[in-house]
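Asks: sequence below, structure please.
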Amino acid sequence: MLETYPVDQILFLDIETVPAVPSFKELNADFQRLWDRKSSHFRKDNETAEDVYSRAGIYAEFGKIICISVAHLSVKEGKRMARIKSFYGDDEAELLRKFQQLLNRFSQNRQIYLCAHNGKEFDFPYIARRMLVNGITLPAVLDVSGKKPWEVNFLDTMEMWRFGDFKSFTSLDLLAHLFGIPTPKDDIDGSQVGHVYWQMHDLQRIVVYCEKDVLAVVQLFLRYKGEPLLAEEEIERVSENSAEC
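Replies: As a prediction, this is how the structure comes out:
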């Protein structure tokens with residue numbers, strides 16, 4: 001099945017998100033009220049909206065994107081090369097504009113696919129929603145409104161693993177261990193990103209983590225195809241301003 005997707009037309013990605021402001025107290029009164037209502041659906045009886053504010057980053061209405069890491073795998077004359085690039089910073093609108101420009105360049109005169117782990121439930125809609133909030137026109141691949149299911153070019157390595165089973169979530173960390181892929185969670189995990197960003201002010205640490213995640217997605221995709229993992233010499237990290245994708 002995966003052979004039907006030309007690998008050089010796939011852009012793998014991962015995003016890191018945090019609550020929009022450092023603490024519940026720094027939300028204005030309207031957003032405090034709205035977060036109280038939103039969080040009431042998952043709070044425990046003894047918890048307040050402030051107690052669970054650290055989870056605000058997973059909701060596009062209350063969070064923001066601080067890093068998008070992308071990877072592109074090419075094969076020329078039998079040689080593979082995965083290039084990884086990250087867009088990151090405190091200015092969400094700026095990093096989203098740069099990502100939009102990349103998608104527009106990447107999709108010129110060809111059909112493209114986006115691939116992420118749990119991307120259909122999280123990464124893809126989160127990016128699209130935050131682009132709209134920031135007044136950024138959606139690239140064609142993200143503008144799925146009105147499209148038929150088979151016209152939506154989203155690939156999801158978690159969905160691929162389900163084989164029609166919708167009972168459970170399977171983490172990237174678990175599948176990495178299962179398939180012998182170096183774990184991306186050897187320093188921090190997603191639940192710690194908000195603390196590392198707002199309290200430790202260590203954005204570079206988050207970028208490294210995000211790039212490990214997107215590389216793990218590429219490696220998992222290759223294992224699904226029955227291909228060997230990428231060796232270190234087949235992985236190249238390029239700067240945000242590089243024309244390479």
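Asks: only C-alpha atoms for contact and neighbour calcs from this point on.
Replies: Will do.
Asks: so for the longest strand seen in the chain, mean pLDDT?
Replies: Ranked by number of residues, the top strand in the chain under DSSP state E is strand 63-76. Strand 63-76 carries an average pLDDT of 95.
Asks: what helix or strand is the residue lying closest to Leu203 once chain neighbours are set aside located in?
Replies: Once flanking residues are discounted, Leu203 sits nearest to Tyr197: 5.9 Å by Cα to Cα, 6 or more residues apart in numbering. Under the criterion of DSSP states H and E, Tyr197 resides in helix 193-198.
Asks: hmm, back to that, how far is the longest strand of the chain from where the chain is centred?
Replies: Centroid separation for strand 63-76 versus its chain: 8 Å, with Cα atoms, centre = their mean, to the nearest Å.
Asks: what do you get for stretch 48-58?
Replies: The answer for stretch 48-58 is 20 Å, by Cα atoms, centre = their mean.
Asks: ok, now stretch 118-136?
Replies: Worked out by Cα atoms, centre = their mean, stretch 118-136 lies 10 Å from the chain centre.
Asks: what pairs with the longest strand of the chain, parallel or antiparallel?
Replies: strand 10-19 (antiparallel), strand 79-88 (antiparallel) (DSSP bridges).
Asks: buried residues, that strand. List them.
Replies: 63-74 (16 or more other Cα atoms under 10 Å).
Asks: please tell me how far Arg129 sits from Leu229.
Replies: Going from Arg129 to Leu229 by Cα to Cα, to the nearest Å gives 33 Å.
Asks: again with Ser40
Replies: Taken as Cα to Cα, the span from Ser40 to Leu229 is 43 Å.
Asks: so those two - more neighbours on which side?
Replies: Remark: of Ser40 and Leu229, Leu229 carries more neighbours, 18 against 15, as counted by other Cα atoms under 10 Å.
Asks: and the closest residue to that one other than its chain neighbours, how many neighbours?
Replies: Taking Cα to Cα, 6+ apart as the measure, Leu229 lies nearest to Gln219, with 5.7 Å between them; neighbours along the chain are not counted. When neighbours are defined as other Cα under 10 Å, Gln219 has 22 of them.
Asks: tell me the secondary structure at Gln219.
Replies: helix (DSSP: H, G, I helix; E, B strand; the rest coil).
Asks: for it, give me its contacts.
Replies: By Cα atoms under 8 Å, 6 or more residues apart in numbering, the residues touching Gln219 are 181, 229-230.
Asks: in what element of secondary structure is Gly32 found?
Replies: Not Gly; residue 32 is Gln. helix 29-39.
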